[in-house]
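> Coordinates for the following, if possible.
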Amino acid sequence: MDQEIRYRLYEREGSTGSDDRILVRDLAQKVIKVLEKPDIRSAIRKVHKVGATSHAVQGAILHDMESLGFSSERQGLFSDFKVSGIRPDYYSSMGGGILFEVERGKTIANNMDILDIWKTHICKDARHLFLLVPEVRVTEKGSEQRIFNTVENRIASFFGNDVEPIDVDSVHLFGY
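Sure thing, here's the model as predicted:
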C-alpha cells in the first residue's frame, strides 16, 4: 500500500483568517485528493525515476490540475521584469493568486525550491505557492536523498519569527 501524500503548510503571520486563505487551504485539500487518486499515484510512480524530468510529473497531473482551475505554463505574469519569460508550471488566480511548481530531480541540487519561493515573492499576481516535490529521490549511484525533509527545513526558514517576512502569504508543500 502506498503512503499518503505528505503535506506541510507555512503561513505568514497576520493573514491567516482571510477568506483568500480559507479558499487556498480548501484548494490545497483538493490537490491532495487528486494526488492520492490511484491512477495519479501510478502515473507519478511510472515517471519518478532516475533521469526523469519534472515535466513528466507535470504531465501526470495536468488534466486534474486544469479541472481545479489551474492553467499550465501561464505567460505574462512576469512581464514587468527583465526576466519576463518566467512561467510557473501552473497558475490560478484564486485566493490572490497561486503559483504551482512541480519539482523532481533538481529540487535541492539547483535550489529550485528557493527559486520557486523567489518567483512567488516577485509575482504581482500571486500570494501563495503550491510546491510538489519528491519524498525521496534515488540518485544514479543508488543512494536516496530525502528531498521533502530538506525542502521542508528550507521553506521553514522563510517563515521563522527571526527573519523579515517575504511577500508570500503561504506555501503549501506536497510530497509524492
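
> Now do the same for the residue in the chain sticking out farthest from the centre: its pLDDT.
When distances are taken from the C-alpha mean of the chain, Lys141 lies farthest, 26.8 Å away, according to CA atoms, centre = their mean. pLDDT for Lys141: 84.

> could we number from 8 for the rest of this?
Yep, numbering from 8; the last one is Lys148 now.

> so what does the longest helix seen in the chain touch, helix or strand wise?
Secondary structure of the chain per DSSP state H: the longest helix is helix 26-42. Packed against helix 26-42 by the contact rule (3 or more CB pairs under 8 Å, 6 or more residues apart in numbering; DSSP states H and E) you find strand 13-18, helix 45-54, helix 61-74, strand 135-140, strand 177-182. Every C-beta, even on glycine, is put in place using the N, C-alpha and C of the backbone.

> Parallel or antiparallel, list what pairs with the last one.
Pointing back at strand 177-182 there. Sheet pairing of strand 177-182 (DSSP bridges) gives strand 13-18 (antiparallel), strand 135-140 (parallel).

> Out of these, flag the one nearest Gly167.
strand 13-18 (9.8 Å; CB to CB).

> Each with direction, which strands does the helix or strand bottoming out on mean pLDDT in the chain pair with?
Ranking every helix and strand in the chain by mean pLDDT, DSSP states H and E puts strand 144-145 at the bottom, with a mean of 82. Strands adjacent to strand 144-145 in the sheet, as given by DSSP bridges, are strand 151-152 (antiparallel).
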